[in-house]
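Novice: Show me the folded form of this:
(chains A and B)
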Amino acid sequence: DTGVSQDPRHKITKRGQNVTFRCDPISEHNRLYWYRQTLGQGPEFLTYFQNEAQLEKSRLLSDRFSAERPKGSFSTLEIQRTEQGDSAMYLCASSPRGELFFGEGSRLTVL
Amino acid sequence: GESVGLHLPTLSVQEGDNSIINCAYSNSASDYFIWYKQESGKGPQFIIDIRSNMDKRQGQRVTVLLNKTVKHLSLQIAATQPGDSAVYFCAENEEGTSYGKLTFGQGTILTVHP
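Specialist: Predicted structure coming up:
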């Protein structure tokens, strides 16, 4: 499968714990995006990378959130001290330039 | 308690009918618009896009119409099939920003009955 891959697909954690999601983009795509989607809503932009550089972060990305793309390939999104309001689907997408190709998302449930 | 965020517009059609899904946008600076399909448990899937210098674009069984005067976008699906059942989102991109930085609309649930 040469699409965008996300891991884990589902994560249940207790409030206060840290979680990390990984995204493997389509190999030749230099742009990588993270979005968050809550139930019944459209995805909301969080941040994006061009190669290893993080070029923009949304105000939605509080200090507890950090994203990296160290070698310009895979990316990680870490949430520290999770809160119940962090429960959502975290979507990764990659792009050569233009059209976004989304992964199937990582669903986070914070108890 | 109230289920916040679950009151999406819905459209229910019979197989073979044509479907029209509408979307209003508010940002006058948006110059690129995309329709996505999202099936349950999956990520959004690109359907068709249109730039602000066009008012109509056609794909395979789908047509997107853009009316910039009233900030309205529509998606027409011809001969709708049960496999078209999904949530459909419109998304817009503001001129001068990264192509992938999109603002999504609320979504419309399309149900196609055999």
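Novice: okay, CA-based contacts and neighbour counts for the rest of this
Specialist: OK.
Novice: Which residues outside stretch B:96-111 are in contact with it?
Specialist: A:33, A:40-45, A:48, A:95, A:97-100, B:8-13, B:21, B:23, B:25, B:82, B:84-94 (CA atoms under 8 Å, 6 or more residues apart in numbering or on different chains).
Novice: If you could redo that for stretch A:9-27, that was the one I meant.
Specialist: Against stretch A:9-27 from outside (CA under 8 Å, 6+ apart): A:2-8, A:32, A:73-84, A:92-95, A:104-111.
Novice: chain center to that stretch, what's the gap?
Specialist: Centroid separation for stretch A:9-27 versus its chain: 8 Å, with CA atoms, centre = their mean, to the nearest Å.
Novice: ok, now stretch A:29-44?
Specialist: 7 Å.
Novice: same thing with stretch B:96-107?
Specialist: Between the centre of stretch B:96-107 and the centre of its chain there are 12 Å (CA atoms, centre = their mean).
Novice: Report the mean per-residue pLDDT for that stretch.
Specialist: Stretch B:96-107 carries an average pLDDT of 90.
Novice: Next, count neighbours for A:Leu60.
Specialist: A:Leu60 is flanked by 12 other residues according to other CA atoms under 10 Å in any protein chain shown.
Novice: Looks like it contacts A:Gln37 (just checking).
Specialist: No. Assessed by CA atoms under 8 Å, A:Leu60 is found out of contact with A:Gln37, at 11.8 Å.
Novice: now residue 22, which residues is it bridged with?
Specialist: The chain I'm using is chain A. Beta-bridge partners for A:Arg22, by DSSP bridges, are A:Asp7, A:Thr76.
Novice: please go with chain B instead
Specialist: Applying DSSP bridges to B:Asn22 gives these bridge partners: B:Ser74.
Novice: Would you mind confirming that it makes contact with B:Ile77?
Specialist: No. Judged on CA under 8 Å, B:Asn22 makes no contact with B:Ile77 at a distance of 11.5 Å.
Novice: Name the residue of chain A that lies nearest to chain B.
Specialist: The minimum distance from chain A to chain B, using CA to the nearest CA, falls at A:Glu104 (4.3 Å).
Novice: what residues are up against that residue?
Specialist: So A:Glu104 contacts A:Val4, A:Ser5, A:Gln6, A:Arg9, A:Leu91, A:Cys92, B:Gly41, B:Lys42, B:Gly43, B:Pro44 (CA under 8 Å, 6+ apart).
Novice: Those residues, buried ones only, as a PyMOL selection?
Specialist: Buried subset of the contacts of A:Glu104, written as a PyMOL selection, criterion 16 or more other CA atoms under 10 Å in any protein chain shown:
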select buried, (chain A and resi 4+5+6+9+91+92) or (chain B and resi 43+44)
